[in-house]
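Asks: Next one to model:
(one chain, ligands or ions: 2)
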Amino acid sequence: MKIKIKPSILNGTIEIPPSKSYSHRAVIAAALAESGKKSTIDNLKFSVDITTTTDIMENWGAKIKRFESALEIIGNDGKVVPKDKYVQCNESGSTIRFLIPIGITDENELIFDGKGKLVDRPLDSYYRIFDKQGILYKNENGKLPLTVNGKLKAGNYEIDGNISSQFITGLLYALPLLDGDSKLTINKNLESKGYIDLTLEILKLAGIQIVNNNYKSFDIKGNQIYKPFDYTVEGDYSQVAFWIVAGIISANKDNEIKCLHVNKNSLQGDREIIEIVTRMGANLKIFDDYVLVKPSKTKGTIIDISQCPDIGPILTVLGALSEGETRIINGERLRIKESDRITSIKTELNKLGANVVEEGDSLIIQGVEGFTGGVTVNAWNDHRIAMSLAIASTRCEKEIILEEAESVRKSYPHFWDDFVKMGGEIEVIEK
Ligand SMILES: O=C(O)C1=C[C@@H](OP(=O)(O)O)[C@@H](O)[C@H](O)C1
Ligand SMILES: C=C(OP(=O)(O)O)C(=O)O
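Replies: Ligands and ions are numbered 1, 2, ... in the order given. Predicted coordinates:
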């Protein structure tokens, strides 16, 4: 979809959508639970990623009743019994990396497929385990589709912590279901550590016990049983980041953006957004479950993005409009997301008039007073690039054309409705 976005002032109250990370985890845990009682998961939004995970868990044996913003799930007693061995993960890294090990906690042959950049996103950490355990797998040139045939064995597992925490989450879900005890050792530095906290929190809610040896290793007893639970998903810090930056960069100094459903004490790693923008001089007021943002003049800073990669693109927008230099460092993993987010955000923001340079795994940004716009930009089929450019448009002199605007459906399907509700002006040029 191609849309025209007129420069506009965003203002008002916004309901922050539920955390995608918690939603995936809750749906999977409930679908693995014993069948005696149903689990209820409330405050869900059915983005493509969450629908994808839900459909797969249903295909694997859970009974799922869908409501407008909730699911009732009766688990299949921790068993994976696929009706169809084809597993379409669409573009969701979380889905494929969480579900590969879970899928082979029972003896299964499964064909994992994906779309867009997921076809190339790394899975080698699992291939090393398959090689060690003699689990059969097949793909062409390391790309999806991937056929896996076998069953995981309890024992010693090792994962590098600096590629994707999603492999660790997948194993933390799968290993309790095996018929023996396991140890999962994390080699190298653990990045995206906050996501492991979310995993441990939901596993605990489902009655799964894991001993965390300071994130260096995890002891996991086998033969555990997931228990049903009721759960309401909190707001998503990766998404509130867009509205926080929108509030800070607003050209109208009397503006205020109020972001609802933002848990002050959340474990989400992207909560770091609050600390980062405050350090840059933003005027935020934090309440127990909402945040108020006023326009502010911000200053450049150094941002280590290794623990909160998903807010990298929108922080690049903020850096581009802040005084002096901003350096976003340790961004290697940004290159293996829905797009290479180091290159994509640099390229598109520079078209608008920003001054961003790539240096290894860093972005070096010299602040400008505002963007010129008046050009066509592309979202690289990446929801976080599309949303970052939408927020950047509010500080353009001239309107912009955004291609691949529909990519927001991956995590925030009603983003454009929210954007318009908050005062954004868009016109669809091509469906
Ligand atoms: O576990 C999760 O829910 C996620 C982990 C992160 O990935 P990495 O651990 O690969 O950085 C993050 O980028 C992704 O959007 C969601
Ligand atoms: C990288 C993301 O998600 P995933 O890895 O689940 O595709 C994201 O939402 O930005």
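Asks: Surely Ala405 is in contact with Met1?
Replies: Yes: with contacts defined as C-beta atoms under 8 Å, Ala405 counts as touching Met1 at a distance of 4.8 Å. To be clear about C-beta, it is placed using only N, CA and C from the backbone, and glycine gets the same treatment.
Asks: For those two, indicate the residue with more neighbours.
Replies: Taking other C-beta atoms under 10 Å, Ala405 and Met1 do not tie; Ala405 has more neighbours (26 against 17).
Asks: Please report phi then psi for the more buried one.
Replies: Backbone torsions for Ala405, taken as degrees, to the nearest 10, come to phi -70, psi -20.
Asks: any idea how far ligand 1 is from the nearest residue to Glu158 once chain neighbours are set aside?
Replies: Spatial nearest neighbour of Glu158, excluding adjacent residues (C-beta to C-beta, 6 or more residues apart in numbering): Thr185 at 4.9 Å. Separation of Thr185 from ligand 1 (C-beta to the nearest ligand atom, to the nearest Å): 17 Å.
Asks: Is Thr185 located within a strand, as I assumed?
Replies: Yes: looking at Thr185 with DSSP: H, G, I helix; E, B strand; the rest coil, it is inside a strand.
Asks: Can you get me a residue count around it?
Replies: Thr185 has 13 nearby residues by other C-beta under 10 Å.
Asks: what about the strands in the stretch 301-431 of the chain?
Replies: According to DSSP state E, counting those that start in this stretch, the stretch 301-431 of the chain carries its strands in the segments 302-304, 325-329, 355-359, 362-366, 371-373, 376-378, 396-398, 400-403, 425-430.
Asks: Direction included, what does the fifth one pair against?
Replies: According to DSSP bridges, the neighbouring strands of strand 371-373, each with its direction, are strand 396-398 (parallel).
Asks: Assess the claim that Ser339 and Lys117 are in contact.
Replies: Yes: with contact defined as C-beta under 8 Å, Ser339 reaches Lys117; the gap is 6.4 Å.
Asks: ok, the nearest residue to Gly61 once chain neighbours are set aside - contacts?
Replies: Spatial nearest neighbour of Gly61, excluding adjacent residues (C-beta to C-beta, 6+ apart): Asn76 at 3.4 Å. Asn76 sits next to 31-32, 35, 60-63 when contact means C-beta atoms under 8 Å, 6 or more residues apart in numbering.
Asks: what do you get for Thr316?
Replies: Thr316 neighbours (C-beta under 8 Å, 6+ apart): 326, 328, 345-346, 349, 354, 356, 363, 365, 388.
Asks: Give me the distance between it and ligand 2.
Replies: Distance, Thr316 to ligand 2, by C-beta to the nearest ligand atom: 14 Å.
Asks: Now do that residue, the pLDDT please.
Replies: On the pLDDT scale, Thr316 is placed at 99.
Asks: same thing with Lys204?
Replies: 98.
Asks: ok, it - how many residues close by?
Replies: Neighbourhood size, Lys204 [other C-beta under 10 Å]: 13.
Asks: related to what we said a few turns ago, turn the contacts of Thr316 into a markdown table, including distance to ligand 1.
Replies: Converted to a markdown table, these look like this (distance: C-beta to the nearest ligand atom, whole Å):
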| residue | distance to ligand 1 |
| --- | --- |
| Thr326 | 20 |
| Ile328 | 15 |
| Ile345 | 15 |
| Lys346 | 19 |
| Leu349 | 20 |
| Ala354 | 23 |
| Val356 | 21 |
| Leu363 | 17 |
| Ile365 | 21 |
| Ser388 | 14 |
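Asks: residues from this structure in reach of ligand 1?
Replies: Within the chain, the positions near ligand 1 by C-beta under 6 Å from any ligand atom are 21, 94, 164-166, 169, 192, 195, 309-310, 333.
Asks: Out of those residues, which are close to ligand 2?
Replies: With C-beta under 6 Å from any ligand atom as the criterion, the residues of the chain next to ligand 1 include 94, 310 near ligand 2.
Asks: quick revisit: overlap in contacts, Ser339 and Lys117.
Replies: Listed as contacting both Ser339 and Lys117 by C-beta under 8 Å, 6+ apart are 381-382.
Asks: More neighbours: which of those two?
Replies: Per other C-beta under 10 Å, whichever of Ser339 and Lys117 has more neighbours is Ser339, with 26 against 17.
Asks: show me the contacts for that one.
Replies: By C-beta under 8 Å, 6+ apart, the residues touching Ser339 are 117, 380-382, 385.
Asks: and of those, the nearest to Gly180?
Replies: Ranked by distance to Gly180 (C-beta to C-beta), the contacts of Ser339 are led by Lys117 at 36.3 Å.
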